[in-house]
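Q: For reference, the sequence and a predicted model appear below.
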Amino acid sequence: MSHTYNIRQAAVIGAGTMGRGIVISLARAGVAVTWLDNDPQAITAGIAMLAQTWAQQVAKGRLQACEADACLERVRAASTYAELADADLVIEAVFENLALKQDIFRTLDSTLKAQAILASNTSALDIDAIAAVTGRPEQVLGLHFFSPAHVMKLLEVVRGARTSPQVLDAAHALGLRMGKQVVVAGNCPGFIGNRMLATYVAEARKLLLEGATPRQVDEALQAFGMAMGPFRMYDVVGIDLEWRARQLAGSGMDAPLAQVDNALCGLGRFGQKTGQGYYRYAPGSREALHDPEVDALVLKVAQDLGVRRREIDDEEIRERCLLALVNEGAKILEEAVAGCSADIDRVYLYGYGFAPEVGGPMRWADQQGLGLILARLERLQGLFGEHWRPASLLMRLVAAGRQLADVREGRV
């Protein structure tokens with residue numbers, strides 16, 4: 001049975017940073033929002049923060065006072081799931097824990113009206129595993145907002161195996177109403193953006209152990225046009241997020257590439273929020289200052305791991321980090337996790353601060369010439385091993401004289 005969804009009334013679960021940003025985005029788009037958190041004080045604090053955010057917008061002339069009042073009136077606190085029963089869409093934004101999210105979705109499924117859409121704001125968890133605990137898997141999808149959700153333009157809409165086309169259309173339309181760049185992604189670990197990011201930051205971390213410094217890696221990539229390098233990005237996001245996730249999971253703590261992060265977190269250097277991470281920050285300042293102590297710590301970690309350090313130039317940094325993105329992006333295209341290369345580029349431009357004048361990693365690869373990209377990947381494979389094996393799609397495209405831009409839904 002096909003059904004047209006009209007999203008007038010939404011609910012958000014979770015009043016952390018993500019929940020707040022999502023509520024702001026919905027209210028600004030004219031959607032009424034019912035807001036639930038297991039801690040009622042978090043909602044009270046959240047609503048005060050919304051009022052403050054909109055008051056600042058009014059003071060800066062970006063919003064009329066009557067618009068700010070209307071936005072605030074659209075948001076209402078709830079203390080029970082029963083109060084969400086009439087929502088057309090609910091967005092769950094609690095922390096990344098599958099069992100917790102499944103519990104919430106079971107409750108939502110039994111509480112909300114039959115035609116309600118259930119969405120998870122997850123950045124990496126399996127949407128199908130979340131949908132499986134409900135009786136309406138065709139109405140379950142991922143809505144991956146980027147932090148802060150009311151500022152960042154990207155929205156990854158994650159399609160589950162059974163998500164209906166009408167539900168995807170409704171999510172897409174809502175994303176556009178919120179002023180987002182909407183990209184539909186297939187369900188796989190990390191979706192489009194974070195799956196590619198994992199390969200990019202892995203190279204950055206290897207380069208660190210092999211002979212580079214955090215500042216050198218960041219400056220080489222910023223010179224290419226990136227909004228910020230990977231270590232600067234970790235300081236902004238918080239180095240402790242992945243560290244705590246590793247501790248909770250009880251796995252990955254001894255991975256070589258996690259050792260610099262582990263050592264920094266062991267010293268309480270969590271990033272910008274603590275005034276020290278990969279860089280130092282003067283009180284109240286966001287300017288990242290070089291810290292020789294971190295270079296010494298990197299050196300010690302490399303020695304403890306038995307890594308022989310060498311001189312690394314900026315060209316090698318750019319080559320390895322960018323080609324890691326391109327090769328993973330080609331695999332994502334081949335698997336139809338992304339519908340086309342332009343979608344991948346939009347994810348990187350609007351979600352990850354990729355060099356805007358370059359136009360995205362896939363466009364950059366096409367401009368370089370895929371024959372050249374393939375040769376460079378094969379060279380890296382010879383030097384560093386099998387994880388550099390070029391995606392088979394790249395070989396097929398080069399043989400056919402085609403580009404990444406010619407691929408649609410996994411087909412050339």
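A: Okay, I see it.
Q: Could you count how many residues lie near the residue lying closest to residue 79 once chain neighbours are set aside?
A: Once its chain neighbours are removed from consideration, residue 79 has its nearest residue in residue 40; the separation is 6.0 Å (C-beta to C-beta, 6 or more residues apart in numbering). (Each C-beta comes from the backbone N, C-alpha and C, glycine too.) Neighbour count of residue 40, defined by other C-beta atoms under 10 Å: 13.
Q: Distance of residue 141 relative to residue 182?
A: Between residue 141 and residue 182 the distance, using C-beta to C-beta, to the nearest Å, works out to 12 Å.
Q: so what sits against both of the two?
A: Common contact partners of residue 141 and residue 182 (C-beta atoms under 8 Å, 6 or more residues apart in numbering): 157, 171.
Q: who has more neighbours, the two?
A: Between residue 141 and residue 182, residue 141 has the larger neighbour count (other C-beta under 10 Å), namely 28 against 21.
Q: and the more buried one, how far is that from residue 52?
A: 31 Å.
Q: Also residue 244?
A: Counting by C-beta to C-beta - residue 244 and residue 52 are separated by 28 Å.
Q: So which bits of stretch 214-234 are buried?
A: Neighbour-count burial for stretch 214-234 flags 214-218, 220-221, 224, 226, 228-234 (criterion: 16 or more other C-beta atoms under 10 Å).
Q: Would you agree residue 239 is in contact with residue 262?
A: No - in this structure residue 239 lies outside contact range of residue 262 using C-beta atoms under 8 Å: 9.4 Å.
Q: between these two, who's got more neighbours?
A: For the pair residue 239 and residue 262, the greater number of neighbours falls to residue 239 (25 against 18), based on other C-beta under 10 Å.
Q: contacting residues for that one?
A: The neighbourhood of residue 239, defined by C-beta under 8 Å, 6+ apart, consists of 261, 264, 265, 269, 270, 271, 277, 278.
Q: Which parts of the protein are strands?
A: Secondary structure of the chain (DSSP state E): strands located at 9-13, 32-36, 75-78, 89-92, 117-120, 140-145, 154-159, 181-186.
Q: sorry, back to before: please identify, among the contacts of residue 239, the one with the most neighbours.
A: Using other C-beta under 10 Å as the neighbour criterion, residue 278 leads these with 31 neighbours.
Q: quick one: pLDDT of residue 2?
A: With respect to pLDDT, residue 2 has a value of 59.
Q: what's the spacing between residue 269 and residue 278?
A: 8 Å.
Q: where do the contact lists of those two overlap?
A: The overlap between the contact sets of residue 269 and residue 278 (C-beta under 8 Å, 6+ apart) consists of 239, 294.
Q: what about the spatially closest residue to residue 198 that is not a sequence neighbour, neighbour count?
A: Nearest residue to residue 198, sequence neighbours excluded (C-beta to C-beta, 6+ apart): residue 190, at 6.0 Å. Applying other C-beta under 10 Å, we find 19 other residues in the vicinity of residue 190.
Q: ok, residue 190 - contacts?
A: 123, 124, 196, 197, 198.
Q: phi, psi of it?
A: Here the main-chain torsion angles of residue 190 (degrees, to the nearest 10) amount to phi 90, psi -10.
Q: Model confidence for it, exactly?
A: The predicted local confidence for residue 190 comes out at a pLDDT of 92.
Q: residues in contact with the closest residue to residue 106 other than its chain neighbours?
A: Take residue 106 and drop its neighbours on the chain: the residue closest to it by C-beta to C-beta, 6+ apart is residue 133, 5.1 Å away. Under the criterion of C-beta under 8 Å, 6+ apart, the contact partners of residue 133 comprise 102, 105, 106, 109.
Q: Kindly reformat the residues you listed as JSON lines containing distance to residue 150.
A: Supplementary listing: the contacts of residue 133 in JSON lines, determined by distance: C-beta to C-beta, whole Å:
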{"residue": "102", "distance to residue 150": "27"}
{"residue": "105", "distance to residue 150": "24"}
{"residue": "106", "distance to residue 150": "29"}
{"residue": "109", "distance to residue 150": "28"}
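Q: Show me which of the residues you listed is closest to residue 376.
A: Among the contacts of residue 133, residue 102 lies closest to residue 376 (C-beta to C-beta), at 43.0 Å.
Q: Please look at that closest one and residue 129 and confirm they touch.
A: Yes - at 7.2 Å, residue 102 counts as touching residue 129 under the criterion of C-beta under 8 Å.
Q: who's more crowded, those two?
A: residue 102 (18 against 15).
Q: what's the more buried one in contact with, if anything?
A: 129, 130, 133.
Q: which ones are touching the first one?
A: By C-beta under 8 Å, 6+ apart, the contact set of residue 129 is 98, 102.
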